[in-house]
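A.B. asks: I would like the atomic coordinates for the input below:
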Amino acid sequence: QVQLVESGGGLVQAGGSLRLSCAASGRAFSSYTMGWFRQAPGNEREFVAQISWSGDSTYYANSVKGRFAISRDNAKNTVNLQMNSLKPEDTAVYYCAALQAYGSTWYPNRRSYDYWGQGTQVTVSS
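C.D. replies: Have a look, this model is predicted:
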């Protein structure tokens, strides 16, 4: 089992940057595929980015490709989401999620993930 705590959200102007972090506690963090999802008011929770257990494979939603970058540090049990060139439509609660899986399969469906953080609010003003 793993517990996830996100941090780094806040208010930023359009075009700005934020770096979200997710700290994981529990055993065998390196055996988990990690993902970031987001949910805006009135919308379903949607996939943003994923990184494989080793960090070798990453996947992004088309809406954030080229602007966001996911990374992980297995020694520190952390996964990060660097968000650049932010847009008002990026405003949402951002969630870190974990799925115990090796390999490089893409898991864009939120139902694939077993563990979730409490979320951190990101607000981008125009």
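A.B. asks: Can you tell me the centre-most residue of this protein?
C.D. replies: Geometric centre of the chain, nearest residue: residue 36, 2.1 Å, by Cα atoms, centre = their mean.
A.B. asks: CA atoms of the helix or strand harbouring it as PDB?
C.D. replies: Residue 36 is part of strand 32-39, with elements assigned from DSSP states H and E. As requested, C-alpha coordinates have been extracted for strand 32-39 and formatted as PDB (Å, rounded to 0.1, in the frame of the first residue of the first chain):
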ATOM      1  CA  TYR A  32       4.400   1.700  -9.000                       C
ATOM      2  CA  THR A  33       3.500   3.300 -12.200                       C
ATOM      3  CA  MET A  34       2.600   6.900 -11.300                       C
ATOM      4  CA  GLY A  35       0.100   9.200 -12.900                       C
ATOM      5  CA  TRP A  36      -1.300  12.800 -12.700                       C
ATOM      6  CA  PHE A  37      -4.900  13.500 -13.300                       C
ATOM      7  CA  ARG A  38      -7.000  16.600 -13.000                       C
ATOM      8  CA  GLN A  39     -10.600  17.600 -12.400                       C
END
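A.B. asks: What average pLDDT does the helix or strand that that strand is followed by get?
C.D. replies: Proceeding C-terminally, strand 32-39 gives way to strand 46-51 as the next helix or strand, assigned by DSSP H and E. The pLDDT scores in strand 46-51 average 98.
A.B. asks: just to revisit the earlier point, how near is the spatially closest residue to the residue nearest to the centre of the chain that is not a sequence neighbour to residue 9?
C.D. replies: Excluding the flanking residues, the one nearest residue 36 by Cβ to Cβ, 6 or more residues apart in numbering is residue 48, at 4.4 Å. For every residue, glycine as well, the C-beta is placed using N, CA and C. Summarising the geometry, the distance separating residue 48 from residue 9, computed by Cβ to Cβ, to the nearest Å, is 13 Å.
A.B. asks: Cheers, nothing more for now.
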